[in-house]
Structure formats: C-alpha cells, structure tokens
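Q: Here is a sequence with its predicted model. Questions after.
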Amino acid sequence: MIAQIAKAITQKFNSEADLNNALVGGLYFQQAPQEATFPYGVFYFNGVTQQEIMGTADDSIQEADIQFNLFSEKEDGGEELAMLSELFNTAFNWQSVYANGYHYIKMQRENILPLIYVDEIWQITMNYSLWLQKN
C-alpha cells in the first residue's frame, strides 16, 4: 500500500501544472537529494488506520496519514510557502488521487502547522488524510 500511495501522490503532483511549475525543486518521497533546488517538497507516509465496515475484510476503509513539508530559502517572510500551500490545497484537498489496486474515497487536508524559519530556510508542514478502499 505504501508504494502505491507514494506513486499516486507523485503522479498527482506531476499532473498539476501550476503546482509543478511553482515547486521547481520537485516533490520527493521520504528524503530530498542533497542538491535539491529551492523551493522543494518532501512527503511522508505517517501511518494508516483501518475503519471496519459491514462486509468482508476487503470492504474496510484505509485512512492513510500523509505529511507534506515544503522548503524555501526565499527571504520573503514565508510568502512563497503560503502561495505554495494554497497551490497544494487546490491540487490535493478533496481531489482525486488514484492508487493502483484501490479506489479513493477522499483526500482531505487536516491541518497546516506554523511556518518555521531555521538556518535561513523557511518550512511549512501540511497534513492530509487519504481514504482508500481495495478494488
């Protein structure tokens, strides 16, 4: 399931021209390369919970927690990251994300954590839940 979700998120990112053009450094799963260009993003699979419903075990709903971290070195007080978080919201919040072998139920932003500024790098964290069910 993790590989399918990572591939689905990467494909969704690649299909979103506005977001893809604005996040010029790219979006990476788990870790960005050392030479990544700013701004860039990294996403993590934080876990999954299962919601049992009537029927068989395959009828259960899998709720995957996905964390996106965006990074910028632009000295604008976080304006670039604010713009990028809006583009992420447009691309992912209540949008279709297709993972092979599953059908999606919803992709929803749960929260945006405060902007932080460490070592001259701005960072914003956004958490999403992706609900899936096996085909």
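A: Right, received. Where do you want to start?
Q: From now on I want contacts and neighbour counts done on CA atoms only, so please keep to that.
A: OK.
Q: what's the average pLDDT for the longest strand anywhere in the chain?
A: Longest strand of the chain, by residue count under DSSP state E: strand 121-134. Strand 121-134 shows a mean pLDDT of 94 in the predicted model.
Q: Packing partners of that strand?
A: Counting contacts by 3 or more Cα pairs under 8 Å, 6 or more residues apart in numbering; DSSP states H and E, strand 121-134 is packed against strand 61-72, helix 79-92, strand 102-112, strand 116-118.
Q: what packs against the longest one?
A: So that's helix 79-92. helix 17-22, strand 61-72, strand 102-112, strand 121-134.
Q: in its sheet, what does the helix or strand that the shortest one is followed by sit against?
A: The one in question is helix 17-22. Sequence order places strand 27-29 as the next helix or strand after helix 17-22, per DSSP states H and E. Using DSSP bridges, the strands paired with strand 27-29 are strand 40-51 (parallel).
Q: which outside residues touch the partner strand?
A: 2, 6, 23-32, 60-72 (Cα atoms under 8 Å, 6 or more residues apart in numbering).
Q: Generate a ChimeraX selection restricted to the buried subset of those residues.
A: A single ChimeraX command is used to select the members of the contacts of strand 40-51 judged buried by 16 or more other Cα atoms under 10 Å:
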select :6,23,25,26,27,28,29,32,60,61,62,63,64,65,66,67,68,69,70,71,72
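Q: mind listing what the spatially closest residue to residue 102 that is not a sequence neighbour touches?
A: The shortest distance from residue 102 to any non-neighbouring residue, by Cα to Cα, 6 or more residues apart in numbering, is to residue 134 (4.3 Å). Applying Cα under 8 Å, 6+ apart to residue 134 gives the contacts 58-61, 101-103.
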